[in-house]
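**Q** coords please:
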Amino acid sequence: MSGTSNKLGLRMYHLTMYNLSGIQKGIQSYHAGIEYLLKYPKDKLFMEWARNHKTVYILNGGTSNEGVVDYIDKKIKKTHLLSKGSMELHEEQLKKIGIKYAKFNEPDLNWSLSGIAFLVDERVFDKKKYPDYDINELVLNPPTYNKWLKLIGGKQNAELREFLKPFKLA
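**A** You can find the predicted model right below:
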């Protein structure tokens, strides 16, 4: 890390489509990161990250599909819908949790949702300093869960930790 800071460590996480090449994943991540800056130009956490951390993680976000009408079968008069892609579902989940994020839709990929960027503090990613909660402890000593939530920054960070568990580096 460059610079000095007494604040929490920060990382910018990016979700990208699985079927892009390595360089394309980097470019789409960059696009989404710039969109984050444009969407939140006065975000103090972003400026803290940009000045003192600059570390990014690029994760495999899966597929992109808006879930629009695929085609109309005139023989049986039925409309066939495509299911939403995982990138769109990830965006919905981030929105539901209340995470600030920005996205980028790539014109050269038929406007696919190709990148999503969001900031994560160390209470989410540093599992040594902030270990996962032992669910067995909840049964034995329920007040410890509230202590753990406070330690990791609250319910939103707990939900973000769960959200990030299945992702792999792109």
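**Q** OK, contacts around residue 89?
**A** If you count contacts by Cβ atoms under 8 Å, 6 or more residues apart in numbering, residue 89 has none. All C-beta spots, glycine's among them, are computed from the backbone N, C-alpha and C.
**Q** And for residue 43?
**A** 36, 100.
**Q** same thing with residue 102?
**A** When the contact criterion is Cβ under 8 Å, 6+ apart, the partners of residue 102 are 32, 33, 35, 36, 37, 38, 39, 40, 116, 117, 118.
**Q** Bridged to residue 106, which residues?
**A** For residue 106, the beta-bridge partners are residue 112 (DSSP bridges).
**Q** Let me know the helix or strand that residue 114 is in.
**A** When elements are defined using DSSP states H and E, residue 114 is found to belong to strand 112-121.
**Q** helices or strands up against that strand?
**A** Where contact means 3 or more Cβ pairs under 8 Å, 6 or more residues apart in numbering; DSSP states H and E, strand 112-121 is packed against strand 10-17, helix 22-39, helix 44-52, helix 86-97, strand 101-106, helix 155-164.
**Q** among the ones you listed, which is the most enclosed?
**A** Counting by mean count of other Cβ atoms under 10 Å, strand 10-17 has the highest mean neighbour count of the helices and strands packed on strand 112-121, with a mean of 24.
**Q** And for it, what's in contact with it?
**A** 24-25, 28-29, 32-33, 36, 45, 48-49, 52-53, 55-64, 87, 90, 109, 112-122, 125, 164, 167, 170.
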